[in-house]
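A.B. asks: Sequence first, predicted model second:
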Amino acid sequence: MRNQEFNHRFKPAITLDDHRVEVVANIGKSEEAEQAVNAGAEGIGLLRTEFLFLGRETPPDEEEQYQHYSDMLESLNGLPLIIRTLDIGGDKEVSYLDLPAEDNPFLGERGIRLCLNRPELFLTQLRAIYRASKQGLVRIMLPMVTTLEELAAAKRLAEKARIEVGAEPVEIGIMVEVPSVAVMADVFAKEVDFFSVGTNDLTQYVMAIDRLHPTLAAQADSLHPSVLKMIDMVVRAADEAGIWVGVCGGLAGEPLGAVLLAGLGVHELSMVIPSVAAIKAQLRNIKIEDARKLAQQALKCSSVKQVRKLSF
Ligand code: PEP
Ligand code: MG
């Protein structure tokens, strides 16, 4: 990283024409919360809680999860922590859950689908999150939501957990990473407090390319116009409903991706810790008016190659 970017990492990402974009980090482990703050992140936009459940014989109990989230909130000292509920399944396997083998795990019992089938596992996590929410700014994010029925069921369980531990309500949002949600974003926007677009999975499902495929994965490029058009739809639906939109997939931490997302009207970009300072510096050096024009050009492109040729 260039020295100058690092020295200015605590300055907010305000463009030359005074438009602010929140820049936050994706993390998995407790100690990364402090690292993220030291790197200039304005909070955590995605805590992948599944890391606490992997590589062990039994699931973490409520107390262990509570401690884990509380430690992070202490490091964050008032900055927001978006806790994504368990996103197991797909490529992430957990032996003690006895998940049946599936021919297409990415299209199978994954994320919220698994949690709704195992309400005790889900409720334990939700109770730990709500208990921790008494110590800082917590938001809950649900992964892999596909239908309104799933969202309603998850919200019912969250409310049950909240009442059980006597916590105040917190914002509940969803990952937008399944095309059904992007297409129906206007309907979902009325039911949630925020959206966060997971461009890694959204690209996989829009382009029908396994994100881990040994030879095809490189073609699952989140800058493909089909993915950008979906994100544009999501932002417009969110604006209409008066809720905010973030992006926590890999695209948010790419130089061209960050500018295009800001230009599409995304409010918050969440990325790997090493990208934070550079993306903030980059956004401070552009005009949002130019980013908006670039985003409109990108939406008119017919291939990812054309999008990648755009310069800013
Ligand atoms: C995504 O799908 O873009 C995302 C951020 O979630 P994950 O990479 O953990 O599936
Ligand atoms: Mg995902």
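C.D. replies: Yes, it's here. Ligands and ions are numbered 1, 2, ... in the order given.
A.B. asks: From now on I want contacts and neighbour counts done on CA atoms only, so please keep to that.
C.D. replies: Will do.
A.B. asks: Count the residues that sit near residue 120.
C.D. replies: Number of residues near residue 120 (other CA atoms under 10 Å) recorded here: 12.
A.B. asks: swap that for residue 157, sorry
C.D. replies: Neighbours around residue 157, by other CA under 10 Å: 18.
A.B. asks: can you check residue 219 too?
C.D. replies: 16.
A.B. asks: Now do the contacts for it.
C.D. replies: residue 209 (CA atoms under 8 Å, 6 or more residues apart in numbering).
A.B. asks: Next: the one 4 residues further on.
C.D. replies: Residues touching residue 223, when contacts are defined by CA under 8 Å, 6+ apart, comprise 251, 257, 304, 307, 308.
A.B. asks: Now with 10 Å, please.
C.D. replies: 199, 203, 229, 251, 254, 256-257, 260, 298-299, 303-308 (CA atoms under 10 Å, 6 or more residues apart in numbering).
A.B. asks: of the residues you listed, buried ones?
C.D. replies: Among the contacts of residue 223, the ones that count as buried by 16 or more other CA atoms under 10 Å are 199, 203, 229, 251, 254, 256, 257, 260, 298, 299, 304, 307.
A.B. asks: and the residues you listed near ligand 1, which?
C.D. replies: By CA under 6 Å from any ligand atom, the members of the buried ones among the contacts of residue 223 lying near ligand 1 are residue 199.
A.B. asks: Looking at the buried ones among the contacts of residue 223, spot the one nearest ligand 1.
C.D. replies: Nearest to ligand 1 among the buried ones among the contacts of residue 223 is residue 199, at 4.0 Å by CA to the nearest ligand atom.
A.B. asks: Out of the contacts of residue 223, name the ones that lie in helices.
C.D. replies: Judged by DSSP state H, helices contain the following of the contacts of residue 223: 199, 203, 229, 256-257, 260, 298-299, 304-308.
A.B. asks: can you tell me which two in these are farthest apart?
C.D. replies: Spatial extent of these (CA to CA) is set by the pair 199 and 306 at 19.0 Å.
A.B. asks: Surely residue 179 touches residue 146?
C.D. replies: Yes - here residue 179 reaches residue 146: they are 8.0 Å apart, a contact under CA atoms under 10 Å.
A.B. asks: Next, the buried residues of stretch 143-152.
C.D. replies: Neighbour count says stretch 143-152 has 143, 144, 145, 146, 150, 151 buried, by 16+ other CA under 10 Å.
A.B. asks: what does it rub up against?
C.D. replies: 48, 84-88, 109-116, 142, 154-156, 158, 173-182, 184, 187-188, 191-192, 196, 198, 201-202.
A.B. asks: try 6 Å
C.D. replies: 111, 112, 175, 181 (CA atoms under 6 Å, 6 or more residues apart in numbering).
A.B. asks: Could I get the residues you listed in JSON lines, plus columns for neighbour count?
C.D. replies: Putting these into JSON lines (neighbours: other CA atoms under 10 Å) gives the following:
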{"residue": "111", "neighbour count": "21"}
{"residue": "112", "neighbour count": "24"}
{"residue": "175", "neighbour count": "28"}
{"residue": "181", "neighbour count": "23"}
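A.B. asks: which ones among the residues you listed are found in helices?
C.D. replies: Among the contacts of stretch 143-152, the ones falling in helices (DSSP H) are 112, 181.
A.B. asks: Show me where the chain has its helices.
C.D. replies: Under DSSP H, the chain gives helices at 3-7, 31-38, 62-76, 112-117, 119-132, 148-165, 179-183, 185-188, 199-207, 225-241, 255-264, 276-284, 288-300, 304-309.
A.B. asks: do you know how far residue 309 is from residue 290?
C.D. replies: Residue 309 is 16 Å from residue 290, where distance means CA to CA, to the nearest Å.
A.B. asks: Looking at those two, which has the bigger crowd around it?
C.D. replies: Neighbours per residue (other CA under 10 Å) separate residue 309 from residue 290, with residue 290 holding more: 15 against 10.
A.B. asks: Could you tell me which residues of the stretch 101-250 of the chain lie near ligand 1?
C.D. replies: Residues of the stretch 101-250 of the chain lying close to ligand 1 by CA under 6 Å from any ligand atom are 177, 198, 199, 200, 201, 248, 249.
A.B. asks: Can you get me a residue count around residue 101?
C.D. replies: Neighbours of residue 101 (other CA under 10 Å): 8.
A.B. asks: With residue 302 instead?
C.D. replies: For residue 302, the count of nearby residues is 12 (other CA under 10 Å).
A.B. asks: contacting residues around it?
C.D. replies: By CA under 6 Å, 6+ apart, residue 302 has no neighbours at all.
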